[in-house]
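> let me see the structure of the following:
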Amino acid sequence: MAEVKIPLRTQLAVYGSGMFANSMSNISGLIVPLWVSSFGASATLFGLVFGARHILPLLLSIHGGALMDRLGTRRVMLIFAVVNAAVPLLFPALPYIWAAIFLQTLAGLATSMGWMGAQTLIGQIMKGSAVHAGRLSLALRLGHLLGPPMIGFTWDTGGAWAAFIAMSIWGSFGFLSALALPGNTNETSQHSKITVSMLMPRLSDYLAAFRMLAISAVLFVAVITMMRNAGNVVQTGFYVVYLDEVFGLSGTLIGFLTSAAAIVGGIGSLSVGHLLRFCSAHWLLMATVTGSVIFICITPLLGTFVFLLIASALRGASLGISQPLMISILAKASGSKVQGTSVGLRNTANRLTGFIIPLLMGVLIDFVGLANGFYAIGIIVVGLLILTGLWLSRQRDIGDTSG
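Prediction:
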């Protein structure tokens, strides 16, 4: 399939919006665990803090995607970009566990909507091009490369206030990127004035989204998203706690591990178009998601920083390849007028895992210990991936998604 020709300014605005929104999750996954660890809470309560980030996106992702289809993606992204920049400042101002839980819910929704918007634009403007999805994924890896080490260094040298201020500034660039997007990012957006009734959730939007699961490719992406995100949740929560408490790594070194994954992940993202010449998109997605889960859940087996670095790099490669595949497969399987809704459906599946896994892992850790919690989650998720592979092998209606 020929590459879709998009103005460079528009491409940069889309990639920047996705990068600054998505990387806020990685930055938060670095400093919020360090911040909350000073409260002396139980592992179960830790899990609630990390899981809270996914509550509102779980409930409102489909609604947010429908709003993007109905009112315009850029409008929705701008609103939540402001929230994304403001919320970090409230963490050190409210040094309580209950405040961290509440702020995580707001931050999770804002980050989610920004990242959803960038994915929606891949479908609306770039017609689901795997090449442009790969470039978006590369931009994300660049954010993961620069953001966490910067925040980790700021935490080590300036403390909590300096780190959260830096996080706020980082989020502000997401607003500037969204501001640079074209004024009308989708043809179905025809409303010049937004009313309260337009902003209210509609049951019809949710029913329409769930009906899309009848499409095998959409169902596959929703399921594989949950499995992939299980590993992400482990990394942005208990992985940092483990590296801090067991390995004794500084915030800077933990950020360096994240950057290593980002560098290799960027290479992986750019390789997607080439890899699709040799294998189908859905099986390549299956393989890389399985690898990404294994490489994070074997963390307790890795006794030295070098092995941690290798595992982080391999996980980064797996994530870098799988991400544009999910975006491209879903965009091509969905109609042009429901790109936002389909992304909202995938994000709902994503956030369902994001809410369940921290709580489940927190309970497991309280009973079996921190290291065994990693193994238990890994066994569960890999088992579910094997079942997904068996289902996929029986599907005959998933067409070619390369290109």
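
> give me the low-pLDDT residue ranges for the stretch 151-300 of the chain?
Scanning the stretch 151-300 of the chain for pLDDT under 70 picks out the ranges 184-199, 236-237.

> can we see that at 90?
For the stretch 151-300 of the chain, the stretches with pLDDT under 90 are 151-153, 155-156, 159-160, 181-218, 222, 225-226, 229-282.

> neighbours of Gly29, how many?
21 (other CB atoms under 10 Å). The C-beta positions use only the backbone N, C-alpha and C, and glycine is treated the same way.

> do Asn372 as well
By other CB under 10 Å, 13 other residues sit near Asn372.

> repeat for Gly40
Close neighbours of Gly40, defined as other CB under 10 Å, add up to 8.

> quick check: it vs Thr105, distance?
Per CB to CB, to the nearest Å, Gly40 is found 22 Å from Thr105.

> got it, and Ser137?
27 Å.

> the two: which is more packed in?
Ser137 (30 against 17).

> wait, the more buried one touches Ala317, no?
No: at 11.7 Å, Ser137 does not count as touching Ala317 under the criterion of CB atoms under 8 Å.

> give me the common contacts of the two.
Counting by CB atoms under 8 Å, 6 or more residues apart in numbering, the shared contacts of Ser137 and Ala317 are Gly265.

> quick check: nearest residue in space to Ser334, chain neighbours excluded?
Distance criterion CB to CB, 6 or more residues apart in numbering; nearest residue to Ser334, sequence neighbours excluded, is Ser342 at 3.7 Å.

> and the helices in the stretch 151-300 of the chain?
Under the criterion DSSP state H, counting those that start in this stretch, the stretch 151-300 of the chain contains helices at 196-199, 203-211, 216-234, 240-245, 251-270, 272-275, 281-297.

> what count of nearby residues applies to Trp283?
Using other CB under 10 Å: Trp283 sits among 12 other residues.

> quick check: nearest residue in space to it, chain neighbours excluded?
Leu392 (7.5 Å).

> what's around the one you found, how many residues?
Leu392 has 18 neighbouring residues, counting by other CB under 10 Å.

> for it, give its distance to Ala281.
Relative to Ala281, Leu392 is positioned 11 Å away (CB to CB).

> mind listing what's buried along stretch 216-223?
Judged by neighbour count (16 or more other CB atoms under 10 Å), stretch 216-223 contains these buried residues: 216-223.

> Gln323 contacts Ala262, correct?
No: applying CB under 8 Å as the test, Gln323 and Ala262 come out as separate, 11.9 Å apart.

> need the contact list for the residue nearest to Phe238 when sequence neighbours are not counted.
Nearest non-adjacent residue to Phe238, counting by CB to CB, 6+ apart: Met361, 5.9 Å away. Met361 makes contacts with 47, 233-234, 237-238, 373, 376-377, as judged by CB under 8 Å, 6+ apart.

> ok, so of the residues you listed, who is nearest Ser17?
Nearest to Ser17 among those: Val233, at 23.2 Å, using CB to CB.

> from Asn84, how far off is that closest one?
Noted for Val233: a distance of 19 Å to Asn84, by CB to CB.

> and Ala99, which of the helices of the stretch 151-300 of the chain is closest to it?
Judged by CB to CB, the one of those that comes nearest to Ala99 is helix 240-245, at 19.5 Å.

> for the closest one, buried residues please.
Buried residues in helix 240-245, defined by neighbour count with 16+ other CB under 10 Å: 240-244.

> and the buried residues of stretch 216-223 as TSV, adding distance to Ile169?
Shown next, in TSV, are these (distance: CB to CB, whole Å):
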residue	distance to Ile169
Ser216	43
Ala217	39
Val218	37
Leu219	40
Phe220	39
Val221	34
Ala222	35
Val223	37
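
> out of those, who's nearest Ala313?
Using CB to CB as the measure, the one of the buried residues of stretch 216-223 that approaches Ala313 most closely is Val221, at 25.6 Å.

> what's near enough to touch that closest one?
Val221 touches 326, 329-330, 333, 346, counting by CB under 8 Å, 6+ apart.

> let's see which of those residues end up in strands.
Judged by DSSP state E, these include no members of strands.

> could you dump these to CSV with neighbour count?
Formatted as CSV, these follow (neighbours: other CB atoms under 10 Å):
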residue, neighbour count
Met326, 23
Ile329, 24
Leu330, 28
Ala333, 20
Arg346, 27
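
> just name the closest of those to Ala93, please.
Nearest to Ala93 out of the contacts of Val221 is Arg346 (CB to CB; 33.9 Å).

> so who does that closest one touch?
Counted by CB under 8 Å, 6+ apart, Arg346 has contacts 221-222, 225, 326, 330.

> cool, and Leu136?
14-15, 18, 118-119, 122, 324, 327.

> the helix or strand encompassing Ala376 to helix 281-297, inter-axis angle?
Counting by DSSP states H and E, the element that carries Ala376 is helix 370-392. Calculated by axes from the mean of the first three to the mean of the last three CA atoms, to 10 degrees, helix 370-392 forms an angle of 170 degrees with helix 281-297.

> remind me what helix 370-392 packs against, helices and strands.
With contacts taken as 3 or more CB pairs under 8 Å, 6 or more residues apart in numbering; DSSP states H and E, helix 370-392 sits against helix 216-234, helix 240-245, helix 281-297, helix 339-368.

> may I see the buried residues of the longest one?
Within helix 339-368, the residues that count as buried by 16+ other CB under 10 Å are 339-362, 364-366.

> what angle sits between it and helix 216-234?
Angle between the axes of helix 339-368 and helix 216-234 is 40 degrees (criterion: the same axes, to 10 degrees).

> residue contacts, Ile357?
Residues in contact with Ile357 (CB under 8 Å, 6+ apart) are 51, 229-230, 233-234, 377.
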